[in-house]
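**Q** Sequence and computational prediction follow.
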Amino acid sequence: MPATATLVGALLGLGTQLYSNALRKLPYMRHPWEHVLGMGIGVIFVNQLVKWDEKLKEDLDKILDKARAANESRYFDDDDD
């Protein structure tokens, strides 16, 4: 999974820079260091996005477990009032 996210981020950064140069009608590889910088930023962005998504899933599972426990104690409790 980390290799896929890294590859997607690098392609995202490279594609963004190539698209930017194409829109301005410049040579695609005008400043190669900008492509490397874009790839690095893309890698960081996508990897952080993957980490954030995993943490979001964990937090959601915790919240759902708490809600499930609260509902079970509310509706299936043996206390007949």
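**A** Okay, I see it. What you see is a predicted model, and the numbers here were worked out from it, not measured in a lab.
**Q** tell me, what residue is most central in this protein?
**A** With distances taken as C-alpha atoms, centre = their mean, L49 lies nearest the centre of the chain, 2.0 Å away.
**Q** Please determine how far it is located from L12.
**A** To L12, L49 is 10 Å away according to C-beta to C-beta, to the nearest Å. For the C-beta atoms, the positions are set from N, CA and C on the backbone; glycine is no exception.
**Q** What lies in contact with stretch 33-44?
**A** Stretch 33-44 is contacted by residues 6, 8-14, 16-18, 29 when judged by C-beta atoms under 8 Å, 6 or more residues apart in numbering.
**Q** cool, stretch 7-27 as well?
**A** Residues outside stretch 7-27 that contact it (C-beta under 8 Å, 6+ apart): 28-30, 34-35, 37-47.
**Q** State the pLDDT value of L56.
**A** Note on L56: pLDDT of 98.
**Q** Return the distance of the strand or helix carrying it from the chain's centre.
**A** Per DSSP states H and E, L56 falls inside helix 32-75. With C-alpha atoms, centre = their mean, to the nearest Å as the basis, helix 32-75 stands 7 Å off its chain's centre.
**Q** cool, stretch 17-31 as well?
**A** 26 Å.
**Q** What are the buried residues along that stretch?
**A** 17, 21 (16 or more other C-beta atoms under 10 Å).
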